[in-house]
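Asks: sequence unknown, structure follows:
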């Protein structure tokens, strides 16, 4: 790890375990080699470093482009964050993710696109189905519990809630499934499969 990434990884890891009693379930399912599309529910701003701490090597994250200001304009790229325009999403973000995966990186995606308000898993856009089909990467479903209670959407106050991260068995799309996925309905079907795996954890 580069030192800036390593420093953040160590700092967040220590905080999660000390303040929130972080518990990881299903760690044996982690795919640690090669390109991996990590798909997780989205509860809090804490989610990206939570997922990042599952792995001993660097991964790529997505972040709202409005966060890239001042000091964070320098810091977020050091943490492998890619700016995304949530108000006007386009194909460029999807193409960037697919390229990163094809280059062998591990990429974290929140299919819901935004943090939950009520703790429930919301609907996902079909974009992750397209990414999965076009990249051919292994899909790692992950579900986070407790992060919303620790740092709810709309709040800047930390609460000392217990956080658990559950790692599911990886999903492998066959070459036939990848080639057959050519339209919105096909991508939605893959998306539903991924979201079903997350919901089941």
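Replies: Looks like it arrived, so ask away. Bear in mind the structure is a predicted one, so any value in this text is a computation, not a measurement.
Asks: check which element follows the longest strand anywhere in the chain along the chain.
Replies: Ranked by residue count under DSSP state E, the longest strand found in the chain is strand 138-145. Next along the chain after strand 138-145, taking DSSP states H and E as the criterion, comes helix 147-150.
Asks: picking up where we left off before, packing partners for the longest strand of the chain?
Replies: strand 36-40, helix 47-52, strand 164-167, helix 184-199 (3 or more CB pairs under 8 Å, 6 or more residues apart in numbering; DSSP states H and E). All C-beta atoms are positioned from the backbone trio N, CA, C, and that covers glycine.
Asks: swap in 6 Å and give it another go.
Replies: When contacts are defined as 3 or more CB pairs under 6 Å, 6 or more residues apart in numbering; DSSP states H and E, strand 138-145 sits against strand 36-40, strand 164-167, helix 184-199.
Asks: so residue 161: helix, strand or coil?
Replies: coil (DSSP: H, G, I helix; E, B strand; the rest coil).
Asks: burial count for the closest residue to it other than its chain neighbours?
Replies: Leaving aside its sequence neighbours, residue 161 sits nearest to residue 149 (CB to CB, 6 or more residues apart in numbering; 3.7 Å). Residues lying near residue 149 (other CB atoms under 10 Å) number 16.
Asks: quick one: work out the angle between the longest strand of the chain and strand 36-40.
Replies: 30 degrees (axes from the mean of the first three to the mean of the last three CA atoms, to 10 degrees).
Asks: state the pLDDT value of the residue nearest to residue 161.
Replies: As predicted, residue 149 sits at a pLDDT of 94.
Asks: got it, and the one 10 residues further on?
Replies: Each residue has a pLDDT score; the one for residue 159 is 90.
Asks: show me what the spatially most central residue of the chain bridges to in the sheet.
Replies: The residue lying closest to the centre of the chain (CA atoms, centre = their mean) is residue 108, at 3.0 Å. The partner list for residue 108 in beta bridges (DSSP bridges) reads residue 38.
Asks: if we can go back for a sec, can you tell me which of the helices and strands packed on strand 138-145 is most buried?
Replies: Ranked by mean neighbour count under mean count of other CB atoms under 10 Å, the helices and strands packed on strand 138-145 are led by strand 36-40, which reaches a mean of 26.
Asks: do me a favour and average the pLDDT over that one.
Replies: The model assigns strand 36-40 a mean pLDDT of 97.
Asks: ok, stretch 179-197 next?
Replies: Across stretch 179-197, the average pLDDT comes to 90.
Asks: what residues of the lowest-mean-pLDDT helix or strand in the chain count as buried?
Replies: Lowest on mean pLDDT, DSSP states H and E among the helices and strands of the chain sits helix 175-180, with a mean of 84. Buried residues in helix 175-180, counted by 16 or more other CB atoms under 10 Å: residue 177.
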